[in-house]
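Chemist: for reference, the sequence and a predicted model appear below.
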Amino acid sequence: MIIALDGPAASGKSTVAKAVANRLGIRHLDTGAMYRAVTWLALHEGVAVDDAAGLAALAAAHPVEFDYADGASIATAVRIAGHDVTRAVRLPEVDASVSAVSAVAAVREALVARQRVLGGERDTVAEGRDIGTVVFPSAEVKVYLTASAEERARRRKIDLAAQGHAVEQDEVQERLERRDHFDSTREVSPLEVADDATLLDTTGLSVEEVVDGIVALVEAAR
Ligand code: DC
């Protein structure tokens with residue numbers, strides 16, 4: 001079974017996807033981390049983020065790997081080209097360049113192929129932007145998570161503060177909105193709601209309430 005969880009930056013996808021995976025004992029797949037890993041590698045190797053052919057070559061040559069302990073729901077590490085990039089993929093410089101890298105069609109082709117392999121291995125809750133529309137169009141359950149821009153900026157500011165980065169909320173919101181605009185208007189696989197997805201606005205809802213809602217959809221689909 002595949003549960004597709006899409007939505008804009010900081011909509012709560014990761015927290016919710018991990019909680020759903022733990023609750024159901026299935027695998028969590030963070031596809032954003034895969035675009036981030038390729039972006040990190042490009043920065044590390046000095047491949048420019050506007051060099052589509054160079055980025056495509058990197059993505060094709062270096063499959064992103066996740067470490068899952070036996071039967072575990074949540075990966076303990078993300079790796080690319082022999083580097084453990086688990087923490088590095090969250091760096092602000094990766095944030096700043098990942099939209100450009102993920103807009104390259106050939107990068108998406110390589111990563112979508114890899115996502116289908118990983119999703120085929122076990123029951124999976126996959127989070128991203130195009131899971132229900134492109135990667136797994138026949139997913140049994142599709143949810144599009146959203147929240148107001150203010151709420152998303154508030155959440156992201158708390159996450160960043162926990163990682164030691166103090167940033168003004170206005171600035172966080174502006175960056176999120178810029179990334180969402182780019183992700184929603186790009187030509188290849190833009191962020192959009194699948195026709196058959198359930199739209200869930202998480203503004204004012206607790207994680208528990210959102211997870212309960214998704215688990216109920218899964219039970220109904222079984
Ligand atoms: O979910 P995230 O913030 O870690 O995603 C990082 C970027 O990767 C995001 O700006 C858009 C891109 N992305 C994508 O294009 N398709 C996906 N399935 C997942 C992420």
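Modeler: Noted; the coordinates are in hand.

Chemist: how close does the residue most central in space within the chain get to the ligand?
Modeler: By C-alpha atoms, centre = their mean, the chain has its centre lying nearest to G32, at 3.0 Å. Counting by C-beta to the nearest ligand atom, to the nearest Å, the gap from G32 to the ligand is 2 Å. Any C-beta I mention is one placed from the backbone N, CA and C, and that applies to glycine too.

Chemist: so that residue sits against D130, correct?
Modeler: No - contact criterion C-beta atoms under 8 Å: G32 and D130 do not qualify, at 10.9 Å.

Chemist: coming back round to it: report the contact partners of the residue nearest to the centre of the chain.
Modeler: 13-14, 98, 127-129 (C-beta atoms under 8 Å, 6 or more residues apart in numbering).

Chemist: if you set the cut-off to 6 Å instead, what comes out?
Modeler: Applying C-beta atoms under 6 Å, 6 or more residues apart in numbering to G32 gives the contacts G128.

Chemist: element containing it?
Modeler: Of the helices and strands defined by DSSP states H and E, G32 is found in helix 31-45.

Chemist: quick one, helices of the chain?
Modeler: In the chain, the helices defined using DSSP state H lie at 13-24, 31-45, 52-61, 92-102, 105-121, 149-162, 169-185, 207-221.

Chemist: kindly report the residues of the protein close to the ligand.
Modeler: Applying C-beta under 6 Å from any ligand atom, we find that the chain lies next to the ligand at 9, 31-32, 35-36, 98-99, 102, 128-131, 179, 183.

Chemist: what lies in contact with stretch 74-85?
Modeler: Identification of contacts with stretch 74-85 by C-beta under 6 Å, 6+ apart yields 18, 28, 33, 37, 40-41, 62, 64-68, 86.

Chemist: which of these has the most neighbours?
Modeler: A37 (30 neighbours; other C-beta atoms under 10 Å).

Chemist: what's the closest non-adjacent residue to it?
Modeler: I80 (4.3 Å; C-beta to C-beta, 6 or more residues apart in numbering).

Chemist: go on, L199?
Modeler: Y144 (5.1 Å).

Chemist: now swap in D180 and tell me
Modeler: P8 (4.6 Å).

Chemist: run a quick neighbour tally on the one you found.
Modeler: If you count neighbours by other C-beta under 10 Å, P8 ends up with 21.

Chemist: do you know the pLDDT at it?
Modeler: Looking at P8, its pLDDT is 92.

Chemist: likewise H28?
Modeler: Listed pLDDT for H28 reads 98.

Chemist: please tell me how far it sits from Q115.
Modeler: Distance from H28 to Q115, counting by C-beta to C-beta, to the nearest Å: 13 Å.

Chemist: and for T198?
Modeler: 21 Å.

Chemist: cool, and V38?
Modeler: 13 Å.

Chemist: picking that back up, just put the residues of the chain next to the ligand in a markdown table and tack on distance to G120.
Modeler: Formatted as a markdown table, these follow (distance: C-beta to C-beta, whole Å):
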| residue | distance to G120 |
| --- | --- |
| A9 | 27 |
| T31 | 14 |
| G32 | 20 |
| Y35 | 20 |
| R36 | 22 |
| V98 | 25 |
| S99 | 28 |
| S102 | 22 |
| G128 | 16 |
| R129 | 20 |
| D130 | 17 |
| I131 | 14 |
| R179 | 29 |
| D183 | 26 |
